[in-house]
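> I would like to see how this sequence folds:
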Amino acid sequence: MEKTELEINHTQPEEEIRPGAEEAPTEEAMATAASSEPLAESTPEEAEMETMSELYEESLRRVQEGEVVKGRIVSIAKDFVMVDIGYKSEGQIPIHEFTNAEGEITAQVGDTVEALLESREDEEGALMLSKNKASKIKVWEEISYAYHHDGMVEGTVVAKVKGGLSVDLGGIIGFLPGSQVDLNPMRHTDHLIGQKYTFKVLKFNRKRRNVVLSRRHLLEKAKTEAKATLLATLEEEKVLEGVVKNITDYGIFVDLGGLDGLLHITDLSYGRVRHPADLFKVGDTISVKVLSFDREKERISLGLKQLTADPWSTVGEKYPLGSRVTGKVVSLTDYGAFVELEPGVEGLIHISEMSWTRKIRHPSQILTVGDVVESTVLELEPTRKRISLSLKQVEPNPWEVIGEKYPVGSVIEGKIKNITDFGIFIGIDEGIDGLVH
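Have a look, this model is predicted:
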């Protein structure tokens, strides 16, 4: 028995084994064991599990509450949308954050979404996420970046408020002062509600949730750039496109993009124009030709009728001498009536050419503005833009045919028109009286 006990003791390590040493070996002992004993080879399944465990531990350290994470929607339940963010458990986003104004759910399995990690119960618990809060954090970052880097933000005008408009920047409401809405003050802004624009951030305070915007600043910048481009390329006879900005009695101001040009009423049409507002309204897009411009004073004269050929260049072929023409009476004067043959081409019927037999004191005795009349071309001067017309010469001269109609010796009847000391005037034909001495 003693021999056996001695053999057993002889096989023990030289160092004394303390209680608990197995549970907490020293680094030296671990190193000695590692060097003296061969390592057991792990199976592929054990290696994969070890790798997964390490990944989970790494995600646990990496994903913290208050961080914005990106994930993929894996399922949609009644109350939550489940999102895989690479953590050991899936995250939950309330379903209402994916519900639009019509009550429709916009989420789809497979969609990528960014969300804020609001809370983590424990390593095995559910992750509570918020897509809306993540969106707002992102918007605040965009606002800050735009402010510090002279950038822009995009938003939709949602309502009128005291002193200006409210703009939705994607969950963050900004304030657009009335003075910053447009280049010029706008009395009516209802038409802007619902419109999407870009804005400059004048100032912001995230703690107070305050953002002040400007649209005017960007418009001024764009106008300055457009003005420089326009002046660099502007030349006479060039055709430009612009927008009617203002209408006056004497013409139209056209915004050419950075500069305004004047389209005088005389250059609107070859024909008569009572008022520019009869042809255009504010906001109309119009093509015009540059007639002249002063680069130093930045004044531009524009023409519209110059885009088409002058109708007087072809009047010789259209209205030869002796031809009969039809036109509309557009004006009456003491000395005659002006007849428009086509837009830009008018002829004059002199008062002496209105009747063979009647003594016309004023054209209004037989004509009114708007009458459509037939006349004969008497004279034509295209270079002076003059056409002489005759109303009476459409019909033969009654004094030239009176002899054929009433030869000498024929008996006629007529109505007494006038009685004088030297005889009686009898109406023989229209406009022709005979004298019984």
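> now residue 160. Nearest residue, chain neighbours left out?
Nearest residue to residue 160, sequence neighbours excluded (CB to CB, 6 or more residues apart in numbering): residue 189, at 6.3 Å. C-beta: built from backbone N, CA, C; applies to glycine.
> that neighbour: neighbour count?
Here the count is done by other CB atoms under 10 Å, and residue 189 has 15 residues near it.
> who are the neighbours in contact with it?
160, 165, 178, 181 (CB atoms under 8 Å, 6 or more residues apart in numbering).
> just the buried ones out of these, please.
165, 178, 181 (16 or more other CB atoms under 10 Å).
> next one: stretch 392-401 to chain centre, how far?
Remark: stretch 392-401 is offset 63 Å from the chain centroid, using CA atoms, centre = their mean, to the nearest Å.
> pull out the buried positions in that stretch.
In stretch 392-401, counting by 16+ other CB under 10 Å, buried: 392-393, 398.
> pLDDT score for the nearest residue to residue 76 once chain neighbours are set aside?
Leaving aside its sequence neighbours, residue 76 sits nearest to residue 107 (CB to CB, 6+ apart; 5.8 Å). We have a pLDDT of 81 for residue 107.
> what number of residues are in the vicinity of the nearest residue to residue 106 once chain neighbours are set aside?
Nearest residue to residue 106, sequence neighbours excluded (CB to CB, 6+ apart): residue 98, at 5.1 Å. Around residue 98 there are 20 other residues, counting by other CB under 10 Å.
> can you check the one 10 residues further on too?
Look at residue 108: counted by other CB under 10 Å, it has 10 neighbours.
> phi and psi next, for the closest residue to it other than its chain neighbours.
Leaving aside its chain neighbours, residue 108 sits nearest to residue 73 (6.8 Å; criterion: CB to CB, 6+ apart). With angles defined as degrees, to the nearest 10, residue 73 sits at phi -70, psi 120.
> same thing with residue 379?
phi -140, psi 150.
> mind listing what it touches?
Residue 379 is in contact with 321, 386-388, counting by CB under 8 Å, 6+ apart.
> one more pass at 7 Å, please.
Listed by CB atoms under 7 Å, 6 or more residues apart in numbering, the contact partners of residue 379 are residue 388.
> which pLDDT does the model give it?
93.
> what pairs with it across the strands?
Beta bridges link residue 379 to residue 388, judged by DSSP bridges.
> from residue 355, how far out is it?
19 Å (CB to CB, to the nearest Å).
> and for residue 416?
22 Å.
> with neighbour numbers in mind, choose between these two.
residue 355 (15 against 11).
> tell me the domain boundaries of this protein?
The record assigns the chain these domain ranges, following automatic domain parsing: 68-134, 150-219, 235-305, 311-394, 406-436.
> which one of those has the lowest average pLDDT?
Mean pLDDT is lowest for domain 406-436 out of the domains of the chain, coming in at a mean of 76.
> now the end-to-end length of that one.
Domain 406-436 stretches 15 Å from its first residue to its last (CA to CA, to the nearest Å).
> for that domain, which positions count as buried?
So for domain 406-436, counting by 16+ other CB under 10 Å, buried means 425-426, 428, 432-434.
> tell me which of those is nearest to residue 266?
Using CB to CB, residue 432 is the member of the buried residues of domain 406-436 that lies nearest residue 266, at 45.8 Å.
> residues contacting that closest one?
Residue 432 touches 357, 398, 402, counting by CB under 7 Å, 6+ apart.
> let me see the ranges of the helices in the stretch 101-250 of the chain.
Here the stretch 101-250 of the chain has its helices, by DSSP state H, counting those that start in this stretch, at 131-148, 216-233.
> show me what counts as buried in the first one.
Applying a neighbour-count criterion of 16+ other CB under 10 Å, the buried positions in helix 131-148 are 131, 133-140, 142-143, 146-147.
> before we move on, what about stretch 151-170?
152-153, 155, 157, 164-167, 169-170.
> distance to residue 240 added to those residues, as CSV?
Converted to CSV, the buried residues of stretch 151-170 look like this (distance: CB to CB, whole Å):
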residue, distance to residue 240
152, 28
153, 32
155, 32
157, 31
164, 34
165, 33
166, 37
167, 33
169, 36
170, 38
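> can I get stretch 220-230 as PDB, trimmed to CA atoms?
Taking only C-alpha atoms (Å, rounded to 0.1, in the frame of the first residue of the first chain), the coordinates of stretch 220-230 have been written out as PDB:
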ATOM      1  CA  GLU A 220     -30.700  87.200 -56.800                       C
ATOM      2  CA  LYS A 221     -27.700  85.000 -57.200                       C
ATOM      3  CA  ALA A 222     -29.200  83.300 -60.300                       C
ATOM      4  CA  LYS A 223     -30.200  86.700 -61.700                       C
ATOM      5  CA  THR A 224     -26.700  88.100 -61.300                       C
ATOM      6  CA  GLU A 225     -25.200  85.000 -63.100                       C
ATOM      7  CA  ALA A 226     -27.800  85.100 -65.900                       C
ATOM      8  CA  LYS A 227     -27.200  88.900 -66.300                       C
ATOM      9  CA  ALA A 228     -23.500  88.400 -66.800                       C
ATOM     10  CA  THR A 229     -24.100  85.600 -69.300                       C
ATOM     11  CA  LEU A 230     -26.700  87.700 -71.200                       C
END
